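[1] structure of the sequence below:
(one chain, ligands or ions: 1)
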Amino acid sequence: MDCSICSALPYILRPPRNTICGACYEGARSIITLTNKLDGEKGSDKTRNTTVSSSNMTKGFANVLKWVKEMKDIEDMLNEKISYLGGFAAAFKDQIHNDIQVKPGDNGPSVPAHKALLASRSDIFRNILDSDGCKAPPNDTIILHELNHEEVESLLEFLYSGDLTKEKVEKHVYSLSIAADKYDIPFLQKFCWQHMLRSLNSSNALDILEISDSCSNQSLKETALNFIVRNMEDVVFAARFDPFAAKNPHLTVQITRALFMDIKNKRNGV
Ligand SMILES: [Zn+2]
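    Got it, this is the predicted structure:
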């Protein structure tokens, strides 16, 4: 069908050039429904400082264009805000006015940081740095026994900037996820889980199952378990399975049960 929206050469169509194909019609309807829905949510969110108003609902495509422009303004403002807050990352990188050393557990060199930032990012760090009346707060050093030097550096980089390079996430995602759990840093935990979900494959599924179990992330655990059942041969005959089974007998039992249920369901045509 000749479509005045998605045709590569719309000007060759006969006037009035206002016919559209089913895909464009459905796409337009979906976009209008989505923006009206998001508009409504924002209109009802009194705590959010936004210029989007719910009075524009159901005004069709004109409202969509207005909405997109407003979102672009909000995006620009948020980007400026991120850049403004990036001053913390610069203070960490340039080691300005440090007042605490974060020592890794592997006897590697300490990493200089700021008490106020650590306390603001994690209640656990705040408790460690606060005096609780019976124990003096650490003057100039805290030790993160479970992390090596590189992991401490990556943890601090994330606490200051809210982000990490792809290489660092890939290398340290499991230790950072455990640290996020231990020191109660939900944003880092979410960041690690999203990376694990995106990168789930036969070679890391057992690691992700183990981490999601220890951090009590049921949704990620089920995803990893289902993936393992679907790719049983690759996972079970890999060298990694033997040490995994020795270390995690309860998870090996759960894999066996999940596999059994999968076979049973397939046999019963579920
Ligand atoms: Zn079309």
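
[2] which strands and helices lie in contact with the helix-or-strand element of the chain with minimal mean pLDDT?
    One helix or strand of the chain scores below all others by mean pLDDT, DSSP states H and E: helix 22-44, with a mean of 84. When contacts are defined as 3 or more CB pairs under 8 Å, 6 or more residues apart in numbering; DSSP states H and E, helix 22-44 packs onto helix 61-85. The C-beta positions use only the backbone N, C-alpha and C, and glycine is treated the same way.

[3] if we can go back for a sec, does the ion have contacts with the least confident helix or strand of the chain?
    Yes: using CB under 5 Å from the ion, we find that helix 22-44 touches the ion at residue 24.

[4] only C-alpha atoms, please: export that helix in CSV.
    Extracted in CSV, the C-alpha atoms of helix 22-44 (Å, rounded to 0.1, in the frame of the first residue of the first chain):
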residue,chain,number,x,y,z
GLY,A,22,-1.7,-0.3,8.9
ALA,A,23,1.7,-0.3,10.5
CYS,A,24,2.0,3.5,10.6
TYR,A,25,-1.6,3.7,11.9
GLU,A,26,-1.0,1.2,14.7
GLY,A,27,2.4,2.9,15.5
ALA,A,28,0.7,6.3,15.7
ARG,A,29,-2.1,5.0,18.0
SER,A,30,0.5,3.3,20.2
ILE,A,31,2.6,6.4,20.5
ILE,A,32,-0.4,8.6,21.4
THR,A,33,-1.6,6.0,24.0
LEU,A,34,1.9,5.8,25.5
THR,A,35,2.4,9.6,25.8
ASN,A,36,-1.1,10.1,27.2
LYS,A,37,-0.4,7.4,29.8
LEU,A,38,3.0,8.9,30.7
ASP,A,39,1.5,12.4,30.7
GLY,A,40,-1.2,11.2,33.1
GLU,A,41,1.3,9.6,35.4
LYS,A,42,3.4,12.8,35.5
GLY,A,43,0.3,15.0,36.0
SER,A,44,-0.6,12.9,39.0
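
[5] start the count at 672 instead of 1 going forward.
    OK, 672 is where the count begins now, so the last one is helix 693-715.

[6] check the offset of it from the chain's centre.
    A distance of 26 Å separates the centroid of the chain from that of helix 693-715, by CA atoms, centre = their mean, to the nearest Å.

[7] between it and helix 732-756, how many degrees?
    If you take axes from the mean of the first three to the mean of the last three CA atoms, to 10 degrees, helix 693-715 sits at 60 degrees to helix 732-756.

[8] quick one: low-confidence parts of this protein?
    Within the chain, the stretches with pLDDT under 70 are 672, 713-730, 802-809, 941.

[9] residues from it in reach of the ion?
    Residues of the chain lying close to the ion (CB under 5 Å from the ion) are 674, 676, 677, 692, 695.

[10] what packs against the helix or strand harbouring residue 913?
    Residue 913 is part of helix 912-918, with elements assigned from DSSP states H and E. Other elements packing on helix 912-918 under the criterion 3+ CB pairs under 8 Å, 6+ apart are helix 876-885, helix 920-938.

[11] which one of those helices lies closest to residue 854?
    helix 876-885 (14.5 Å; CB to CB).

[12] which outside residues touch the very next helix or strand once past that closest one?
    Under the assignment DSSP H and E, the closest C-terminal helix or strand after helix 876-885 is helix 889-901. Identification of contacts with helix 889-901 by CB atoms under 8 Å, 6 or more residues apart in numbering yields 864, 867-868, 871, 876-877, 879-880, 883-884, 906, 925-926, 929-930, 933.
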